[in-house]
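Asker: Need coordinates for the following:
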Amino acid sequence: MLTLTFSNRFEPLLDNLLARLEQPPPSPFTTEQIIVPSAAIRRKLELAIADRFGICANTVFSPLRAWLTEQMLPGQQTSAYAPEILGWRIFHILGDAAFTSKHPRLSGWLNRADAVMRHDLASQIARLLAQYQAYRPEWIAAWSASAAVTLPNASPAAIQDQAWQTDLWQRITAENPDANYLKTPDASQSELYTGQTAHLFCPPEIAPLYIDILSHFAQSMDLHLYLLNPCREYWFDIVDQRHLGYLKAKGLADHHETGNRLLAAWGKQAREMIDLLFDRAAPACGEETVFISNFEQGKHTLLAQLQDAILNLAELPSAGIEPDEHDRSIEVHVCHSLTRELEVLQDRLLSLFAGDRTLKPDDVLVVMPDLDQAAPMIDAIFSTSLEARRIPYAIAGRKSSRINPVSAALLDLLALASSRIPASAAFNLLQQPIVARRFELQDADLDAIHRWMAESGIRWGLDATHRQQLSLPAKSHYSFDDGLNRLFLAYALPPGCEMPFGLRLPAGNPEGSAASGLGGLWQFVQQLDQLQRDLRQPKTPDEWRQTLHALASAFLSPEGNEQDDWRDAQQRIGTLCDNMRSGGSNHPVPTDVLQSALGAVLDDNAHAGVPTGMVTFASMGSLRNLPYRVICAIGLNDGSFPSWKRPAEFDLMEQHRKPGDRQRRHDERNLFLDLLLAAREQLHLSYTGRSVRDNSPMPPSVLVADLLDCLHSAIATPEARQRLTVEHPLQPFSLASFQPGGDARQLSSNAEYYDALIQKLRQPLASEEAQQAMRQTASDEDDDEGSINASALPFFSTPLPAPTDEWRKVSLDQLLRFFRNPCSYLLQQRLGVAFPEQPDDLADDEPFLPEWAEKNALADRMLPLYLSGTTDEAIRASAAAGTEYPPGEMGQALLEKELSALDSFAAEWQQITSEPPLPPLNKTLEFMLEGERWQLSGAFSDLRPAGLLRCRFDDTRATDYLAGWLHHLFLNAIAPEGVVRRTIWHSRNGQYTLQPVENARDQLQQLLSLYRQGLCNPLHFFPKSAWAYARSGDLGKAANVWQSWNDEFGEGRHPAYRLALRGLENPIDDDFTHCAETVFAPLLNHVDDARLE
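Answerer: Okay, the predicted model is just below:
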């Protein structure tokens, strides 16, 4: 017998199921069969059964299709007509030109498709045929009998599509004469199910074929269906307002009404499923109903009234609801980004937990349309909070490749070996812990390998042969082979060897224990070479199974929990290969197709989300129908949910719809209705409703708009309507989020931001001139990454103690390092703060033009050779053997031009320094600063009678003027005999000369005074910005250099400035102008440089 149990709530259905399970089975060996739609409901039932009976045992949980297959096709775990198997059979059929040539519409597309596209098409067709089996069994029966299906008003394209689909189905059945698929059972099969009992719990939809099969089963077994029904009234003739208007215009509106507008618009899928159940199964079913009203339970919140209106098939009274001013049961939060939505959510949850001690983290569910996109931001916000704001949470149901290191590494390996093997992708794979362990590489080894790959010029490709296989010139420049040869040369040859060996220059200088990493890199490249050779040819399913296991053995070394991840990946690989073999016998499959299929199999976690015992973040549908006290749906932007996915143009069901058909947009609308009804106390909705660029409004999901329209028409007062929507500021540290007496719904409990705002409000304002300069340079673009966080808690709240005696002995080099970046010097030298250097990303393309770094590297190598008198032939051979300039005619021409410039520069420098240098000179000067004795020592090893002569093969920069000036002042202060008190700085683009300074000692004392000040507090001296101001007297130009809004290399982006000046509104202030004038004004008075005029 078929028993239908209806309720508008999950809990009564669960109680009903548990009550039936309490009844003793006919035999102690009888298993309870429970059919569930998702892993989440299975977990919920397991826990409920264990809680009621002390244990959950002798119970089998199955998805509906798998259970039906097991009942009707005994011994077959998966039907040969299941989409995952059928797709491979179709893939091979579509590769048969004799079949496709008979269908021009199909062959026209396939002629332009590669193997991956053909596999994607085959997978779509397989899923479509599976839908035909469940929703159009009469079509399948007709096609099996070689009969055409009459499609009303069919287009020519639909007629052609039916022709090739009919032919395809007949080809499939002919190749599988012994295989069966799900269809309505014969009367002779009824006796197979006699005495059995099964429970189908909370399915969101049941295909018509499955309803027929279940009805047939119910003739000889006890079958209990537990169904959520949002309405206790007869609601099967209701339609949404738009459709009702259409029917009225056509004179077809008899017996139709709207009832409840949200139920009519969102509940179509549930309505049609329940209607089909009554229509097809009513003669053989019993019915039980348990409907629960919030009103009867004394709940009168806005959410409770809306749920009751749906339950009673009634509209909320127009302007008839006056919710309590503290009623926050339904809220829509408008933010500027998904990150802000999560920050607002965190504050809201903390407020809820603080206001209700009975609320626990596992009472809260957070859903979103794109879980994988949001997951990194969820971790960034919820896992980094201080203990006082820490909320236990878990992310459930992510794709396997995002959380399973084995799956991620396997997919990356296949993608890398099938590509041109760019250096960055190869290194990213190598530094994955599970791969690095296999090649016995530690963090230090990986750092060295990164440096070696950059220095040896590795860009892409294994070797010349690999490039030739990609139909590219067979050249090895910038390949792994070329780079490894250079690294091995550096290991074998004496240190410092700058001459080529075998047309290659050594690179990287691996030596000592660090060289063990070079062996690991070589082994990795060798394995990669072998893998890309193995992947050239298509393979049979069994060969692919062996290849993937061998690949994992060669590249991966799982440990700890990764062993479970490897077993999971093995199981999925085995399933994939079994499906390939079942669907295509032993046909070979190309690598790119296998890669695409493996990615889909490894990422198949669509229904894997389960309750976690904490605040659970999940996709929209993975925990569908489970009740929670608080349900939060974020990311409800226009177009995000319901999502729009265009159906396949050959989908005949889409063109000829019937009641009960599953449609994605109807399913997602019904899912939103289920979420609304599953919330017991709070429904928190949020979307990105303001542009982060210009604050312009952006629309929400149409479902949110429908909900707000419904509630606005029912709420009596404008003030109450406004309380439904909460507009949040752009930044989490906005003053509006912390002001006493402000909107309580916007308030934040973040103590860090609060303290920063208090500190900010206590700071004096910068000068009007500096503020105006900063305003002039501000652009409309948001640039959080590149600016100082003026609202954060200051790093320096009070100055450090005065420097002790050991700090008062300063070398000239120390003083220069200080003025190049006073904040970095203070943090590193005085406080011991280390700034980890982030290595530059590895380049993946060989250079077509040399970069600045390559030009400098070439100059560093070649200039000493020119100055030492090395022959031009040897110099050119050494230059050509390096990796700074690309090979080929253009590279050779550019290299010749650069060598010519270096030759001229060297000749000019030799002429300037024709006099021999004087013996090294060391001097120490003493100064009194605020009653303290200070010493400044300096050493010169390159003094000549003509003065101090320095050179650098590059354009003159602000730091070059600064370096020359400090050494020039010291030279003038010590005034050695026989030396002209002059400094010449020779650069690629010219030279400057510093004339004698009469008050050099006073100038040095002022600089030492700034140095002393900068050892206690961040000094507002920034060389590039200060040089711009000193030359122009314009703070706006200094602010441009500091901010560089459109340039990622703005001086203010340096991490030392961003940390030391944190909490400061504007560092281009009066202190800055004082420092800039103190350092650079005397320099400009003593410099001869035509370039500065």
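Asker: now Glu440, nearest residue through space, not along the chain?
Answerer: Closest residue in space to Glu440, ignoring its immediate chain neighbours: Gly520 at 6.0 Å, by C-beta to C-beta, 6 or more residues apart in numbering. Any C-beta I mention is one placed from the backbone N, CA and C, and that applies to glycine too.
Asker: can you tell me which residues contact that neighbour?
Answerer: Gly520 is in contact with 439-441, 445, 449, counting by C-beta atoms under 8 Å, 6 or more residues apart in numbering.
Asker: What separation is there between Thr114 and Arg669?
Answerer: Check again: residue 114 is Asp, not Thr. 37 Å (C-beta to C-beta, to the nearest Å).
Asker: Settle it for me: which of these two has more neighbours?
Answerer: When Asp114 and Arg669 are compared on other C-beta atoms under 10 Å, the one with more neighbours turns out to be Arg669, at 22 against 12.
Asker: Quick check: end-to-end length of stretch 728-748?
Answerer: The distance separating the two terminal residues of stretch 728-748, taken as C-alpha to C-alpha, to the nearest Å, comes to 11 Å.
Asker: circling back to that earlier point, out of the contacts of Gly520, who's the most crowded?
Answerer: Ile449 (26 neighbours).
Asker: tell me the domain boundaries of this structure?
Answerer: In the domain annotation for the chain, the residue ranges read 2-76+183-230+267-292, 83-175, 330-397+609-648+659-722, 401-602, 852-907 (automatic domain parsing).
Asker: Could you give the separation of the shortest one from the chain centroid?
Answerer: Centroid separation for domain 852-907 versus its chain: 43 Å, with C-alpha atoms, centre = their mean, to the nearest Å.
Asker: Ok, stretch 633-645 next?
Answerer: Using C-alpha atoms, centre = their mean, we find the averaged C-alpha position of stretch 633-645 to lie 18 Å away from the chain's own average C-alpha position.
Asker: Please apply the same query to stretch 384-391.
Answerer: 23 Å.
Asker: now it: mean pLDDT?
Answerer: The average of the pLDDT scores along stretch 384-391 is 90.
Asker: Now do that stretch: everything it contacts.
Answerer: The set of residues external to stretch 384-391 that reach it, using C-beta under 8 Å, 6+ apart, is 346, 349-350, 353, 361, 382, 615, 749-752.
Asker: any chance of the residues you listed in a markdown table, with distance to Glu1077, neighbour count and secondary structure too?
Answerer: Putting the contacts of stretch 384-391 into a markdown table (distance: C-beta to C-beta, whole Å; neighbours: other C-beta atoms under 10 Å; DSSP: H, G, I helix; E, B strand; the rest coil) gives the following:
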| residue | distance to Glu1077 | neighbour count | secondary structure |
| --- | --- | --- | --- |
| Gln346 | 47 | 22 | helix |
| Leu349 | 53 | 23 | helix |
| Leu350 | 50 | 18 | helix |
| Phe353 | 56 | 17 | helix |
| Pro361 | 58 | 16 | helix |
| Phe382 | 49 | 23 | helix |
| Val615 | 56 | 26 | strand |
| Ser749 | 46 | 15 | coil |
| Asn750 | 41 | 21 | coil |
| Ala751 | 41 | 13 | helix |
| Glu752 | 37 | 14 | helix |
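Asker: Now stretch 128-136: buried residues?
Answerer: Applying a neighbour-count criterion of 16 or more other C-beta atoms under 10 Å, the buried positions in stretch 128-136 are 128-136.
Asker: can you check stretch 208-227 too?
Answerer: Buried residues in stretch 208-227, counted by 16+ other C-beta under 10 Å: 208-218, 220-227.
Asker: For that stretch, measure first residue to last.
Answerer: 16 Å.
Asker: any low-confidence regions in the protein?
Answerer: Regions of the chain meeting the criterion pLDDT under 70 cover residues 75-77, 187-195, 240-258, 282-284, 498, 605-608, 760, 762-793, 1044-1048.
Asker: Tell me which residue is most central in it.
Answerer: The geometric centre of the chain, computed from its C-alpha atoms, lies nearest to Gln373 (C-alpha atoms, centre = their mean), at 5.4 Å.
Asker: Against Ser38, how distant is it?
Answerer: Distance of Gln373 to Ser38, computed by C-beta to C-beta: 22 Å.
Asker: what comes into contact with stretch 159-169?
Answerer: The set of residues external to stretch 159-169 that reach it, using C-beta under 8 Å, 6+ apart, is 90, 93, 99, 102-106, 125, 129, 140, 143-144, 146, 148-149, 151, 154, 650, 652.
Asker: what about 7 Å?
Answerer: Contacts of stretch 159-169 with the rest of the structure, by C-beta atoms under 7 Å, 6 or more residues apart in numbering, involve 90, 93, 102-103, 105-106, 129, 143, 148-149, 151, 650, 652.
Asker: Might you calculate how far that stretch sits from the centre of the chain?
Answerer: Using C-alpha atoms, centre = their mean, we find the averaged C-alpha position of stretch 159-169 to lie 41 Å away from the chain's own average C-alpha position.
Asker: quick check, distance from the top helix by length along the chain to the centre of its chain.
Answerer: For the chain, the helix with the greatest residue count under DSSP state H is helix 888-912. On the basis of C-alpha atoms, centre = their mean, helix 888-912 sits 46 Å off its chain's mean C-alpha point.
Asker: That helix: which residues count as buried?
Answerer: Residues of helix 888-912 classed as buried by neighbour count (16+ other C-beta under 10 Å): 891, 894-895, 898-899, 902, 905-906, 909.
Asker: Give me the helices and strands touching the helix or strand containing Ala354, please.
Answerer: When elements are assigned from DSSP states H and E, Ala354 belongs to helix 338-355. Under the contact criterion of 3 or more C-beta pairs under 7 Å, 6 or more residues apart in numbering; DSSP states H and E, the helices and strands touching helix 338-355 comprise strand 330-335, helix 371-382, strand 679-688.
Asker: Thanks a lot, catch you later.
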